[in-house]
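S.K.: Need coordinates for the below:
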Amino acid sequence: METVYDWITVAIFGGLVVLFLHRSVQPGEPQDTILHYLPPAVGCAVANWFGNEGQGLVSFLIVLGVLIYIALVLKPFGLKFPGSKG
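M.R.: Predicted coordinates for the structure are as follows:
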């Protein structure tokens, strides 16, 4: 944990873990599977690698993509977007 990229990506990954664990203990049929969490988890690793290699803009864009994916696909906090189903 030496760079800002380490901290940001680990924080996002930690949030993914908490979201997954929270949803896995809820009653009823789960609305997502562990595979839904794979793209943002891999995205965090790739963004961290690019950031640590001096490619800050690429890292930022990947993190932005990860956050958009989380908001649109995983919908934490029950986020609803105009025109979206569910």
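
S.K.: Tell me the secondary structure of the residue nearest the centre of the chain, please.
M.R.: For the chain, Pro40 is the residue whose C-alpha lies nearest the centre (C-alpha atoms, centre = their mean; 4.1 Å). Under the three-state scheme (DSSP: H, G, I helix; E, B strand; the rest coil), Pro40 adopts helix.

S.K.: What about the closest residue to Leu79 other than its chain neighbours, how many residues nearby?
M.R.: Take Leu79 and drop its neighbours on the chain: the residue closest to it by C-beta to C-beta, 6 or more residues apart in numbering is Ala71, 5.8 Å away. Yep, even glycine has a C-beta here, placed from its N, CA and C like the rest. Using other C-beta atoms under 10 Å, Ala71 has 13 neighbouring residues.

S.K.: rewinding a little: my guess is the residue nearest to the centre of the chain meets Leu16, correct?
M.R.: Yes. With contact defined as C-beta atoms under 8 Å, Pro40 counts as touching Leu16 (5.9 Å).
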